[in-house]
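Engineer: A predicted structure for the sequence below; I have some questions about it.
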Amino acid sequence: MKILIADSLGIVRQGLRVLLEKQDDMEVIGEAQDGRATVRLAKELLPDVIITDIKMPDLDGIRATQLIRRHIPDARIIALSRYHSNYLVIEMLRAGALGYVLKSCLFDELIMAIRTVMKNQRYLSPQVADVLVENYIKHPTTMQDNPLHTLTDRERQIVHLLAEGRSTKQVGSHLGISPKTADANRRHIMKKLRICSLAELTKYAIREGLTSVEV
């Protein structure tokens, strides 16, 4: 099985490569440190399985998964993430991922996930599956009505930057838009999410896994 690893941290990629290549039937054929490189290498190398983090620079794992599946409809993608919020799990699955594994799991679980998706079957870490089921039972309509699902890729990126503490001027500079446009986008996003302050927006982004900032 030819495997592509995508993670922004070199030590994670290196560790996964060492462990995966101890398997007689697995070979790591490429590594990517951001979303755009992941898409490019997926199209060039055509791996059997792609293991990708969600929080990556330039292009996140959700968008990268969407683009890969657009070019390679039968791509087998596993999200390997530290986050298990409903939003991230659902968005990765909607994007086309077959698996979702937590970084806190043991390596044997990742191997199980790889072998499962190779059969074109889904694999979710038990903790991820439990959270999804529990939330669906308690809030059967809330999961689908979550306003986060209405955010565009650009709007999610703006939320991420604001949660990191960037000003609207810095957000505008980073995205190549004017401060006025960035501020208008911020107000529109907060209205969508029914949030009244930047502090509340930051807490919301952390809770939903839109940023890795710790509080």
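Structural biologist: Looks like it arrived, so ask away. Numbering: from 1, shown residues only.
Engineer: what about the chain, any weak spots by pLDDT?
Structural biologist: Along the chain, segments meeting pLDDT under 70 span 135, 138-146, 209, 212-215.
Engineer: okay, helices next: where are they in it?
Structural biologist: Here the chain has its helices, by DSSP state H, at 10-20, 35-45, 61-71, 86-95, 107-117, 126-138, 142-145, 153-163, 168-175, 179-193, 198-207.
Engineer: ok, residues contacting the first one?
Structural biologist: Outside of helix 10-20, the residues that reach it under the criterion CB atoms under 8 Å, 6 or more residues apart in numbering are 3, 5-7, 26, 28, 31, 33, 51, 53, 107, 110. Placement of C-beta: from N, CA and C, glycine included.
Engineer: neighbour-wise, which of these leads?
Structural biologist: Ala6 (29 neighbours; other CB atoms under 10 Å).
Engineer: contacts only, for the residue sitting nearest the centre point of the chain.
Structural biologist: Geometric centre of the chain, nearest residue: Ile54, 2.5 Å, by CA atoms, centre = their mean. With contact taken as CB under 8 Å, 6+ apart, Ile54 is in contact with 60-62, 79, 81, 83, 88, 92, 209.
Engineer: can you report how many residues neighbour the spatially closest residue to Leu93 that is not a sequence neighbour?
Structural biologist: Nearest residue to Leu93, sequence neighbours excluded (CB to CB, 6 or more residues apart in numbering): Tyr100, at 7.0 Å. For Tyr100, the neighbour count with other CB under 10 Å is 26.
Engineer: residue ranges of each domain in the protein, please.
Structural biologist: 2-137, 146-207 (automatic domain parsing).
Engineer: return the most buried member of these.
Structural biologist: For the domains of the chain, the largest average neighbour count (mean count of other CB atoms under 10 Å) is found in domain 2-137, namely a mean of 18.
Engineer: what's the span of that domain, first residue to last?
Structural biologist: Taking CA to CA, to the nearest Å, domain 2-137 runs 38 Å from one end to the other.
Engineer: now the phi/psi pair for Cys196, please.
Structural biologist: phi -110, psi -20 (degrees, to the nearest 10).
Engineer: wait, it sits on Arg187?
Structural biologist: No. Using CB atoms under 8 Å, Cys196 is not in contact with Arg187, being 10.8 Å away.
Engineer: what's across from Val101 in the sheet?
Structural biologist: Here Val101 sits in beta bridges with Leu80, going by DSSP bridges.
Engineer: can you tell me how far Ile90 sits from Ala32?
Structural biologist: 24 Å (CB to CB, to the nearest Å).
Engineer: now do Leu4
Structural biologist: 7 Å.
Engineer: ditto for Thr38
Structural biologist: 4 Å.
Engineer: name the residues contacting each of those two.
Structural biologist: Residues touching both Thr38 and Ala32 by CB under 8 Å, 6+ apart: 4, 6.
Engineer: that older thread, from the contacts of helix 10-20, pick the one nearest Thr202.
Structural biologist: Asp53 (21.5 Å; CB to CB).
Engineer: I'd say that closest one and Gly61 touch.
Structural biologist: Yes. Asp53 sits in contact with Gly61 when judged by CB under 8 Å, with a separation of 5.8 Å.
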